[in-house]
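J.: sequence and predicted structure, then a few things I'm wondering about:
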Amino acid sequence: MRKPIIAGNWKMYKTATEAKQFVEEVNGLVPDSEKLDAVICAPAIFLAQLVVSAENSPLQIGAQTMSEEDEGAFTGEISPVQLTDIGVKYVIIGHSERRQYFNETDESANKKVKAAFNHGLIPILCVGETLEQRENGETGAVVEAQVEQGISGLTEEQITQLVIAYEPIWAIGTGKTATAEDANEVCGIVRKKVAALYHDEAAEKLRIQYGGSVKPATIDELMGMEHIDGALVGGASLEAGSFVKLLEAGSHA
Ligand SMILES: O=C[C@H](O)COP(=O)(O)O
């Protein structure tokens, strides 16, 4: 039985005051951590403050990206050592917006996933196809290649702790959710690929999220699918009431 994981990705939204208010509002409403992992991946500038705001709640705080280096002359970057030091638990790696605007690749994602594990962070590795790739029937091959490169060199133990988020790029922020069946089919391809690269037991423990215009109205059907263990949510995680509804749905899945 895999524990559901609902993660909000705030992207570059909210002020520090709004972020603090959000956490204070949801703190008492987060389901028990035995039922569900609830995570907010906030802009780096708020992370330390939010870790403190959420310290008496099951809510965990995650980063949206990080450097693969421990330290050094990398102006503007944030290292896994720094994230762990302030109490951050999760980090999104290889989000399609990082790949599109900041030149991240499967190779850099792989280095970051390994660096995250080396410092006790849980990586949420993002994979997903473009609309053109889907229309050309390339979804399976694209996602399999991203998974294979992204997890290359991980131990079996790390595979069981990893989270992979399947986010079709055409569904992000567009209001177009993949059907639950389509999302489940691709999440199943991800699990099968991991089973082929490692073995069935490791793949069975791997948690796979769907992401792309997830809303309270669509979460139940998604969570009912065999291979979907949670959601990585952008827009619908920005408002406390909406995020809490997603957590409730996740905890009953
Ligand atoms: O990381 C989250 C995804 O990019 C989904 O964003 P969205 O829920 O606003 O479509």
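T.: Nice, thanks for sending it over.
J.: residues in contact with His227?
T.: His227 makes contact with Asn184, Cys187, Gly188, Val190, Arg191, Ile208 under the criterion C-beta atoms under 8 Å, 6 or more residues apart in numbering. Any C-beta I mention is one placed from the backbone N, CA and C, and that applies to glycine too.
J.: just to check, the second one is in contact with Met225?
T.: Yes: counting by C-beta atoms under 8 Å, Met225 is a contact partner of Cys187 at 7.3 Å.
J.: more crowded one of the two?
T.: The residue with the greater number of neighbours, taking Cys187 and Met225 and applying other C-beta atoms under 10 Å, is Cys187; the counts read 24 against 18.
J.: quick one, what contacts Gln158?
T.: Gln158 touches Phe117, counting by C-beta under 8 Å, 6+ apart.
J.: can I get the helix or strand where it lies in CSV? Just the C-alpha atoms.
T.: Using DSSP states H and E, Gln158 sits within helix 156-161. Listed next in CSV are the C-alpha coordinates belonging to helix 156-161 (Å, rounded to 0.1, in the frame of the first residue of the first chain):
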residue,chain,number,x,y,z
GLU,A,156,16.8,0.2,-5.0
GLU,A,157,16.3,1.8,-1.6
GLN,A,158,16.3,5.2,-3.2
ILE,A,159,13.7,4.1,-5.8
THR,A,160,11.3,3.2,-3.0
GLN,A,161,11.6,6.7,-1.6
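J.: what does whichever helix or strand comes after it contact?
T.: If you walk from helix 156-161 toward the C-terminus, the next helix or strand you reach (DSSP H and E) is strand 163-166. Counting contacts by C-beta under 8 Å, 6+ apart, the residues outside strand 163-166 that touch it are 5, 7, 90, 92, 122-128, 143, 147, 150, 183, 186-187, 190, 194, 206-211, 230, 232.
J.: hmm, back to that, pull the distance from the helix holding Gln158 to the chain's centre.
T.: 16 Å (C-alpha atoms, centre = their mean, to the nearest Å).
J.: cool, and stretch 156-165?
T.: So, by C-alpha atoms, centre = their mean, the centroid of stretch 156-165 is 12 Å from its chain's centroid.
J.: out of the contacts of His227, which sit inside strands?
T.: Using DSSP state E, the subset of the contacts of His227 located in strands is Ile208.
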